[in-house]
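attaching a predicted model along with its sequence, questions to come.
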Amino acid sequence: MRETDVPQEGNATLDGHRKVIYAKGADGRVQMVASAGWEVEEIVTRQAVDEFVLLAQAARAQALAGLASPLAYHMYCARMDETLLSQTSGLWRWRIRRHFRPEIFRKLSSALLQRYADALGITSDQLMRIE
């Protein structure tokens, strides 16, 4: 992409901020160019956010029914999936899936709960509750 082709349509999901796009300058070298975003990016971002909202609602219903732990709900509220939570917490995905089971989740150590809470950006008390 050339420097002059960097989209400047605007993107409401950026909330007025700008982001950097790498593009070729007039001299042929790659450089950073500020962009206000573009409509297609906004549509895709909104679709992804809507998907996480639906997943969070389903996980919340399962947790309230006692079929799942609150971990999945909080993971989706933080706009994460198992892979991202695994990378952020340093835990294997299979362990995270196992911790979605309420009987296993209740037995987790406070250190492991704190590790999840730190990865999700919430307190360990919030992690234990569904709001």
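Received, thanks. Predicted model, so just to flag it, every value in this text is computed and none were measured.

CA atoms for contacts and neighbours, from now on please.
Will do.

quick one: residues contacting the residue nearest to the spatial centre of the chain.
The centre of the chain sits closest to residue 79, judged by CA atoms, centre = their mean, with a distance of 2.7 Å. Taking CA atoms under 8 Å, 6 or more residues apart in numbering, we find residue 79 in contact with 49, 52.

got a list of what residue 126 touches?
Taking CA under 8 Å, 6+ apart as the definition, residue 126 has no contacts.

cool, and residue 103?
Taking CA under 8 Å, 6+ apart as the definition, residue 103 has no contacts.

in what helix or strand does it lie?
helix 102-105 (DSSP states H and E).

only alpha carbons, please: show that helix as CSV.
C-alpha atoms of helix 102-105 as CSV (Å, rounded to 0.1, in the frame of the first residue of the first chain):
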residue,chain,number,x,y,z
PRO,A,102,-17.7,-26.0,38.0
GLU,A,103,-16.6,-28.9,40.2
ILE,A,104,-13.0,-28.4,39.1
PHE,A,105,-13.1,-24.6,39.3
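
using CSV, write out every CA atom in the next helix or strand after it.
Next in sequence after helix 102-105, counting helices and strands by DSSP H and E, comes helix 110-120. Output of helix 110-120 as CSV, limited to C-alpha atoms (Å, rounded to 0.1, in the frame of the first residue of the first chain):
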residue,chain,number,x,y,z
SER,A,110,-6.0,-19.0,45.3
ALA,A,111,-2.8,-18.6,43.4
LEU,A,112,-4.3,-20.1,40.2
LEU,A,113,-7.4,-18.0,40.6
GLN,A,114,-5.2,-14.9,41.0
ARG,A,115,-3.4,-15.9,37.8
TYR,A,116,-6.6,-16.0,35.9
ALA,A,117,-7.8,-12.8,37.4
ASP,A,118,-4.6,-11.0,36.4
ALA,A,119,-4.9,-12.3,32.9
LEU,A,120,-8.5,-11.1,32.7
